[in-house]
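*Asks:* I would like to see how this sequence folds:
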Amino acid sequence: MVPVMAQVLEQGICFRMGGENYLHPINNVKEVLPYEEPNPVIGAPACVEGMIELRGNLVTVVYGSSILDVSLDDAAEEGHILVLDLPEGYFGVRVEGVENVMSINNEEVDRQSAQYYPHDCIQGTIERQGDLYILVDFTDYCNSLE
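*Replies:* Now for the predicted structure:
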C-alpha cells in the first residue's frame, strides 16, 4: 500500500527578517526584486518607505521590519523586495533575504502558535528539519494602507 501524502495547500516563499525564518504564500507574490531605494511619499504612514516603478506600475514599498515589529538593531539590511499583486494594487515588502520556495501542507501548520505573536499577519508556524518558519500573510496589512 502506498502512503497517502499530506495535502499540499500551496507554495510559500521563505525569507529572513531579524534572525527569524518566515514563509509567505506565493499565490500573490508577483516577483522578488533586489532592493532599490524607493521615492519618498509625502504624508505616507511611517511603515511606507516610498514608491518604485515596476514596468509601468507603481509599487508601494513597506518595511518588513515595521510590519513584524522587528527592531532595526536585530534586523540586517533589508536587501530584497517581495512584490505582492493585490486587488488594491502592487505592494513591495522589504525583507532581509529570500531563501527558497517550499510546499506548505495543512498538517504541518501549527495555527495555535499564532496566538503567541502580536501581529495579525502571522498565521502560525511550521517546523521542518529542525528549522522553525513563521507563516505570514501580508495581504490584509497592505490592503489596510490604501
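
*Asks:* now the longest helix along the chain: buried residues?
*Replies:* Taking DSSP state H as the criterion, the chain has its longest helix at helix 139-145. By neighbour count with 16 or more other CB atoms under 10 Å, helix 139-145 contains the buried residues 139, 141-142. Quick note: C-beta positions are derived from backbone N, CA and C, even for glycine.

*Asks:* list just the nearest of those residues to L68.
*Replies:* For the buried residues of helix 139-145, the closest approach to L68 (CB to CB) belongs to Y141, at 9.8 Å.

*Asks:* would you map the helices across the protein?
*Replies:* 64-67, 139-145.

*Asks:* E127: how many residues sit nearby?
*Replies:* Look at E127: counted by other CB atoms under 10 Å, it has 11 neighbours.

*Asks:* that one and E107, how far apart?
*Replies:* Distance of E127 to E107, computed by CB to CB, to the nearest Å: 12 Å.

*Asks:* neighbours around N57, how many?
*Replies:* 12.

*Asks:* that one contacts G92, doesn't it?
*Replies:* No: counting by CB atoms under 8 Å, N57 stays clear of G92, with 10.8 Å between them.

*Asks:* OK, contacts around the spatially most central residue of the chain?
*Replies:* What sits nearest the mean C-alpha location of the chain, by CA atoms, centre = their mean, is H24, with 4.8 Å. Neighbouring residues of H24 by CB atoms under 8 Å, 6 or more residues apart in numbering: 12-13, 15, 82, 135-138.
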